[in-house]
Each structure stands twice: as C-alpha cells, then as structure tokens.
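A.B. asks: Sharing a model prediction with you, sequence too.
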Amino acid sequence: MKARILKHAVTVTLTLCATFMFALSAFATAPTNDDIKNMVTRGKAYLFSQQTPAVYTGGVYSSGGSWDSYNKVAATGFAVAALLDTGVPRTDQHIIDGVNYLRKMLGNGTDGYNDIYETNIALIALAIYNDPADLTLITNMVSSMEAWQGNDGGWGYCLCKTSGDMSHTQFGVMGLWYGYRYLGKTFDSDTTTQAVKNKLFRYLQTSFVSSNGQFGYTPGSTSYATSTSSGLWSLGMAGLVQDTSGTQAAATPTGAAMAMGVPATLPDGITANPNYTPGAIGWFNNNYSWNSDYYFLYGMAKALTIALGENGKVGEHAWVEDLKTAVYNMRVDNDATNPTLTHWNDGRWIGGGSSMGTSLVLLSLAFADVNQPVPSRILAQDTGLDNAIKGSVVIHTTGGVLIEPIRENPNDPTSAAKPFRTSTTGAGMTQETTTYLPVGAFQFKLKPVPVGGTAEFTVNLPAGALCYRGKAGCSDADIKTSFIDKNGNLKRGLDWFKLDNGKWKGNKKIPMVFDKVAGTITVTLKDGGFGDTDGLANGEITDPAAPGYDQFGGLALVDALSSLKIAAGIDTATAQNLLDFDLAPVVAGVPAPDGKIDLFDVLVILRQAVGLSVTPTGGV
C-alpha cells in the first residue's frame with residue numbers, strides 16, 4: 001500500500017514541478033553573504049530542534065534519534081547529511097544519534113530499507129559520516145545497489161532489479177558515488193564499477209530527449225524539470241560531464257562539444273552524444289526559474305555545481321546568486337524580527353515536511369555557495385582553465401576541518417572569494433619542461449586546525465588522470481599527461497608543487513599519498529609549516545598549490561651517490577630505486593627508462609643535481 005501511495009506521490013510531485021515554477025521577482029530581496037550564513041545557522045538550529053530524543057540503555061543505543069516525516073529513514077539520512085555537509089562535526093550528539101538510528105533500521109545493509117530512495121539516502125549519510133565501523137554495512141549496501149541496477153541501466157522503486165526511472169536512478173547513482181568514495185573506489189576502479197557506469201550511460205542516452213535537451217522520467221516518456229536535473233547530476237557523478245563552452249544558451253546545441261571523461265565509444269559499443277550536458281543546461285536556460293520544489297532545487301544545484309561550477313552561468317544567469325536569492329525569499333522564520341530558527345516546507349513528499357525541505361535547501365547551499373565552509377566541495381572544469389586533463393574534481397578534508405575560499409582581500413572577510421581552482425600558466429608563472437600539473441592548481445583555506453597541527457587534504461581526480469595503456473577511453477596523449485605511466489605504474493617525481501618566485505617547484509617536505517584505486521591524492525599540511533602561505537601557527541592553513549610530477553624533480557647529490565652504488569653493484573636496486581633513478585636514455589628531454597640503473601642514469605642524476613642541462617651534447 002505504501003509503495004502505491006509513494007509512486008502516486010512521486011507522479012504528483014513531478015507534475016507539480018512542471019507546472020508551478022518559482023520565478024525570481026524583481027522585488028525579491030538579494031541576500032548578503034552574512035544573510036546566507038545566518039540563515040544556514042538558523043536552519044541547522046531548526047533541524048536540531050526537530051530530532052526525536054535518543055534513548056540509551058547502559059550506554060548502548062536503544063531507540064530514537066530520528067527526524068519524523070512520512071519517510072523517517074529518508075528524513076534522518078538527509079538531516080545527517082545536511083548537518084555534516086554544513087560543517088557540524090561528526091562528534092556532535094545529534095549526528096551520533098541520527099547515525100545510530102540509521103544503523104538500526106538498516107541491519108547488515110544487504111536488504112536495504114523500504115525502497116531505493118530511503119536506502120540510498122541512508123547510504124549517503126553513512127558514507128559522509130565516514131566511520132570505519134560501518135565498513136561491512138556500506139560494503140553490503142553498495143553490493144546490493146550494484147545488483148539492483150536494471151538491465152536498462154537504471155534503478156526503479158523496488159529493492160530489486162527492475163526497469164528504471166530517472167528519479168530513482170539519480171539516488172541509485174548518488175548512493176554508489178558516495179559509497180564508492182567511502183570504500184576508496186570510483187566508477188572506473190574495476191570491471192564491476194565500469195560495468196555499472198557503462199549501463200548507466202546507456203540508460204541516460206535512451207532517456208535524453210534530443211529535441212529539447214531534457215531527460216525523460218523514463219526512456220521515451222514525458223520530460224520534467226526534476227528528471228532533467230537528475231539526468232545532469234547523474235552524468236556528473238559518473239564522470240560523464242561534457243564541455244559546455246558556448247552552448248549553454250541553445251535549446252538544442254549543434255556542433256561537437258568536447259567530452260570530458262566520455263570516450264567516443266564505450267567498451268560495449270555505446271556512442272557518446274556530445275550534447276547531453278550542454279543540451280540539459282540549454283533547456284534550463286530557456287526555461288529558467290528556481291521553483292519551490294526543494295527536490296528539484298537540490299538536484300539542479302548539484303547538477304550545475306558539477307557541470308558549470310562557481311564561475312559558470314546558465315546563459316546570462318548567475319545561477320548561484322539566483323539560487324541563494326530564491327531560498328532566502330522562500331524561508332520561514334520563527335520570528336519576524338529576531339529569528340532563531342529557519343525552515344522550508346514545500347508540502348511535497350520528498351520535501352515531506354519541514355525537516356526534509358530544510359535539509360534539501362542546506363545541502364543545495366553546501367554544494368553551490370562557495371562562501372559556505374564545508375568539509376567537501378566539487379570543483380567543475382571551468383572553461384577558462386588550462387589544465388591538460390579535463391573533468392571535475394572533489395576536494396575534501398577530515399577531522400572536522402572545513403574548506404573555505406581565499407579572499408581577494410585577506411583582511412576583509414566580505415571581499416570576493418577567489419576561485420578554488422586556477423590555471424598554472426600565465427603571467428608571472430613558469431615551470432620546467434619536464435614538470436606536469438595535469439589537473440591545474442587549487443587555492444583554499446583550511447580551518448579550524450589545531451594550532452601548529454596538521455590537516456589532511458584530499459583531491460579526487462578525474463578519470464583521465466589515471467590513464468594507462470589498455471584502459472578504456474585512454475589515448476597515448478592522455479597517458480602522456482596522466483599520473484600513471486603506460487604500464488599502469490605511478491610516474492616518478494610526484495609532488496605537491498608551490499609557486500616559488502613565479503616558478504612551480506615541488507618539495508618533498510609535504511607528505512603525499514597517491515591511491516591509484518581510489519583515484520586520490522592526499523597531502524598532509526602543517527599549520528605554520530611549509531605549504532602554509534602565512535607561515536604562522538594560527539589555527540588555519542592557506543595553501544595555493546598544484547599536484548603534479550617532474551621526472552627530474554627533487555634530484556640531489558645524495559641520489560647520484562645512491563645510484564652510483566647500484567650501478568657499481570655495491571647495492572641492489574629496489575622497485576622504488578628503479579622508479580626514482582632509472583631515467584636514461586633521455587629522448588627529446590624526457591626520460592625513457594630501460595629497466596636498469598647504470599652509469600648513464602648516474603650521469604643524468606648528477607647533471608640535474610648540480611643544475612646542468614639534463615641531456616649533454618651527444619645525448620645520454
């Protein structure tokens with residue numbers, strides 16, 4: 001019975017969304033950054049006030065801790081995710097109580113809970129919470145979601161393999177996107193995840209309506225605003241977002257758009273349509289409006305964040321500012337003159353009550369508004385960037401540390417935010433010809449950090465940064481700039497590069513870990529240490545930098561001595577020695593390792609260490 005009611009409610013929601021749109025009025029109040037900051041604080045306070053008290057017996061969780069609505073698990077999952085994504089620490093009791101409720105309702109995770117919506121909303125919350133104790137639970141939920149993907153590539157209502165619809169598919173992809181990240185995987189990690197991605201792409205292809213740029217609710221069916229935002233967001237999560245330069249204003253863009261992460265033909269013969277991303281954004285531009293359906297608002301905010309980013313526009317529309325203005329004017333305060341609580345309620349099932357609606361708005365702002373301090377942020381491929389490997393990235397931290405933008409005027413917190421992602425070439429910037437910075441540079445502030453302490457900063461890389469020979473969709477040109485060599489091994493000289501007197505230079509003082517399976521680079525930064533621009537132990541780290549590699553970088557005289565001992569047969573070469581010292585012959589200024597360390601390698605290292613040209617006259 002509940003399933004029939006829910007399906008009917010979804011249909012009503014989609015119909016209402018297509019009918020009633022919130023158009024920004026010329027009289028709408030445009031909020032300041034402080035207005036939004038205070039509104040978010042009141043929204044979090046509202047969610048705190050709506051949680052049912054948890055009961056612990058002998059220190060062990062018993063019951064309670066949920067947010068009540070038509071769908072308690074969904075409401076609780078969204079609330080936990082919203083609070084975590086807006087900076088509430090995972091040690092907060094409200095978070096702990098909500099997580100314990102979800103764990104109780106999910107059991108071991110194999111069977112999910114009730115439907116695809118609630119199962120994946122709970123999975124998202126637990127993955128963001130990121131507790132190693134949930135490894136088995138999340139592993140089981142991810143495996144079940146993979147098994148429940150329909151033969152058409154989508155997900156439907158039931159916890160079973162069935163024909164998909166765009167709304168449930170969005171949540172299926174979202175659950176896997178967050179779940180994979182928790183498990184240290186991506187949609188390209190192995191044959192199973194790649195198969196999920198390929199089937200999903202087929203589903204999105206058959207759901208795309210080329211005549212107007214929308215996605216249908218089901219393949220060949222009526223299109224809705226919500227199904228279009230769901231399709232665009234799903235493309236982004238799977239790493240299938242395409243270039244939008246010059247096409248946002250068109251309803252049916254023509255001409256080839258450069259694919260970012262979308263090969264011309266996928267392994268099972270699916271041909272990429274270059275117009276999915278620009279087509280959907282073009283449709284939204286021609287039907288531009290932020291409506292009061294917070295489910296749509298949540299989906300489109302995420303979709304545009306990953307497709308256009310902080311500097312992008314929908315046609316001529318500054319979509320982030322319009323989104324902020326819309327939610328600011330749709331808020332409900334508990335007091336007109338001195339509000340302490342703020343909520344949103346659209347009356348629809350997925351926004352099912354004020355708790356759900358409030359969570360969706362907070363999640364939308366956490367994604368879209370760069371001024372919000374958050375533990376995780378998606379950075380789109382801005383069309384003005386010069387990085388060789390295209391695609392969105394995710395940056396995130398742990399331990400309650402939040403990511404903030406660097407301000408144009410560091411002494412004025414109200415000044416404009418600098419973009420999180422920047423180019424690595426241009427006026428005043430140089431680098432060695434053997435230095436590669438494949439995904440560009442990042443500039444950010446981390447706080448709060450223990451004074452004089454450390455913080456971990458992780459970059460989830462686009463698929464192209466992990467290319468090697470034989471990997472689907474990878475060309476030799478991709479491999480040249482990838483962090484991985486043609487044989488699937490990590491390239492030597494990986495480093496965290498900083499601008500030093502206008503030149504990009506690596507430095508081994510910053511610990512770095514590269515995880516090929518997870519597709520991540522993690523650096524450990526020290527407050528007041530190398531990499532912290534202000535050089536002060538003041539509880540915050542400001543670090544403009546770029547992950548990259550230089551196959552001759554960081555070589556010193558001690559390396560020449562170590563390689564000489566190996567070449568002379570005094571020491572035996574380890575795998576790491578081969579990675580570091582096997583450089584000769586050098587062809588056109590680039591190392592061409594030959595699997596051994598000999599006197600030619602020693603000569604290359606020695607010349608680099610003392611600042612001479614790497615390739616002397618006559619070659620090496």
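C.D. replies: Nice, thanks for sending it over.

A.B. asks: count of residues packed around Ala477?
C.D. replies: If you count neighbours by other Cβ atoms under 10 Å, Ala477 ends up with 10. (Glycine included, C-beta is placed from N, CA and C.)

A.B. asks: and the gap between the closest residue to Leu555 other than its chain neighbours and Asp559?
C.D. replies: Closest residue to Leu555 in three dimensions, ignoring its sequence neighbours and counting by Cβ to Cβ, 6 or more residues apart in numbering: Gln608, at 4.5 Å. As for Gln608, its distance to Asp559 is 9 Å (criterion: Cβ to Cβ, to the nearest Å).

A.B. asks: Those two - which one has more neighbours?
C.D. replies: Set Gln608 next to Asp559 and count neighbours by other Cβ under 10 Å: Gln608 wins out with 21 against 18.

A.B. asks: so the more buried one is in which element?
C.D. replies: helix 599-609 (DSSP states H and E).

A.B. asks: what comes into contact with that helix?
C.D. replies: Contacts of helix 599-609 with the rest of the structure, by Cβ atoms under 8 Å, 6 or more residues apart in numbering, involve 552, 555-557, 559-560, 563-564, 567, 581-586, 591, 613-614, 616, 620.

A.B. asks: any idea how far it is from the chain center?
C.D. replies: Centroid separation between helix 599-609 and its chain, computed with Cα atoms, centre = their mean, to the nearest Å, is 41 Å.

A.B. asks: Dump it to CSV, keeping only the CA atoms.
C.D. replies: Once non-C-alpha atoms are left out, helix 599-609 reads as follows in CSV (Å, rounded to 0.1, in the frame of the first residue of the first chain):
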residue,chain,number,x,y,z
LEU,A,599,76.2,4.9,-15.4
PHE,A,600,74.1,6.7,-17.9
ASP,A,601,71.4,7.1,-15.2
VAL,A,602,74.1,8.3,-12.7
LEU,A,603,75.2,10.9,-15.2
VAL,A,604,71.6,12.2,-15.7
ILE,A,605,71.1,12.5,-12.0
LEU,A,606,74.4,14.1,-11.3
ARG,A,607,73.9,16.8,-14.0
GLN,A,608,70.4,17.5,-12.8
ALA,A,609,71.6,17.7,-9.1
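
A.B. asks: List the buried residues for it?
C.D. replies: Of the residues in helix 599-609, those buried by neighbour count under the rule 16 or more other Cβ atoms under 10 Å are Phe600, Asp601, Val602, Leu603, Val604, Ile605, Leu606, Arg607, Gln608, Ala609.

A.B. asks: got TSV for the residues you listed, with pLDDT and distance to Asp532 too?
C.D. replies: Listed next are these as TSV, based on pLDDT from 0 to 100; distance: Cβ to Cβ, whole Å:
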residue	pLDDT	distance to Asp532
Phe600	92	40
Asp601	91	36
Val602	93	36
Leu603	92	38
Val604	89	34
Ile605	88	31
Leu606	89	34
Arg607	86	33
Gln608	78	28
Ala609	79	28
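
A.B. asks: returning to what we had before: which of the contacts of helix 599-609 are buried?
C.D. replies: Buried members of these, scored by 16+ other Cβ under 10 Å, are 552, 555, 559-560, 563-564, 567, 581-584, 586, 591, 614, 620.

A.B. asks: Tell me which of those fall in strands.
C.D. replies: Where these overlap with strands, as defined by DSSP state E, the overlap consists of Val586, Pro591.

A.B. asks: Surely Val394 touches Arg377?
C.D. replies: Yes: using Cβ atoms under 8 Å, Val394 is in contact with Arg377, at 7.2 Å.

A.B. asks: Which of those two has more residues huddled nearby?
C.D. replies: Set side by side, Val394 and Arg377 show unequal neighbour counts under other Cβ under 10 Å, the larger going to Arg377 at 25 against 18.

A.B. asks: got the contact list for that one?
C.D. replies: Going by Cβ under 8 Å, 6+ apart, Arg377 touches Phe367, Val370, Val394, Ile395, His396, Ile403, Phe420.

A.B. asks: Also Gly109?
C.D. replies: With contact set as Cβ under 8 Å, 6+ apart, Gly109 has these partners: Thr136, Leu137, Ile138, Thr139, Asn140, Met141, Ser144.

A.B. asks: Buried subset of the residues you listed, written for ChimeraX?
C.D. replies: What follows is the ChimeraX syntax for the buried subset of the contacts of Gly109, where burial is set by 16+ other Cβ under 10 Å:
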select :137,138,139,140,141,144
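
A.B. asks: pLDDT, secondary structure and distance to Glu316 for the contacts of Gly109 - can I get that in JSON lines?
C.D. replies: Putting these into JSON lines (pLDDT from 0 to 100; DSSP: H, G, I helix; E, B strand; the rest coil; distance: Cβ to Cβ, whole Å) gives the following:
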{"residue": "Thr136", "pLDDT": "97", "secondary structure": "helix", "distance to Glu316": "50"}
{"residue": "Leu137", "pLDDT": "97", "secondary structure": "helix", "distance to Glu316": "46"}
{"residue": "Ile138", "pLDDT": "97", "secondary structure": "helix", "distance to Glu316": "42"}
{"residue": "Thr139", "pLDDT": "97", "secondary structure": "helix", "distance to Glu316": "46"}
{"residue": "Asn140", "pLDDT": "97", "secondary structure": "helix", "distance to Glu316": "47"}
{"residue": "Met141", "pLDDT": "97", "secondary structure": "helix", "distance to Glu316": "42"}
{"residue": "Ser144", "pLDDT": "97", "secondary structure": "helix", "distance to Glu316": "44"}
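
A.B. asks: just the contacts of Gly109 now: which is nearest Val73?
C.D. replies: Sorting the contacts of Gly109 by how near they are to Val73, with Cβ to Cβ, puts Met141 at the top with 12.4 Å.

A.B. asks: excluding its backbone neighbours, what's nearest the closest one?
C.D. replies: Gly109 (4.1 Å).

A.B. asks: how about that neighbour, secondary structure?
C.D. replies: coil (DSSP: H, G, I helix; E, B strand; the rest coil).

A.B. asks: got it, and Lys498?
C.D. replies: In the three-state summary, Lys498 is assigned as strand, counting by three-state DSSP.

A.B. asks: which residues does it contact?
C.D. replies: By Cβ under 8 Å, 6+ apart, the contact list for Lys498 reads Trp504, Lys505, Asn507, Gly531, Pro544, Ala545.

A.B. asks: Name the helix or strand for the residue nearest the centre of the chain, please.
C.D. replies: Relative to the mean C-alpha position of the chain, the nearest C-alpha, by Cα atoms, centre = their mean, is the one of Val394, at 3.2 Å. Following DSSP H and E, one finds Val394 within strand 393-397.

A.B. asks: Just the residues contacting that strand, thanks.
C.D. replies: Surrounding strand 393-397, the residues in contact under the criterion Cβ under 8 Å, 6+ apart are 181, 375-379, 403, 420-421, 439, 442, 444, 446, 455-462.

A.B. asks: Out of those, list just those in helices.
C.D. replies: Using DSSP state H, the members of these that fall within helices are Arg181.

A.B. asks: related to what we said a few turns ago, got a ChimeraX select line for the buried ones in the contacts of Lys498?
C.D. replies: Selection of the buried residues among the contacts of Lys498 in ChimeraX, burial being defined by 16+ other Cβ under 10 Å:
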select :504,505,531,545
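
A.B. asks: Narrow the contacts of Lys498 to those in strands?
C.D. replies: Among those, the subset assigned to strands under DSSP E consists of Trp504, Lys505.
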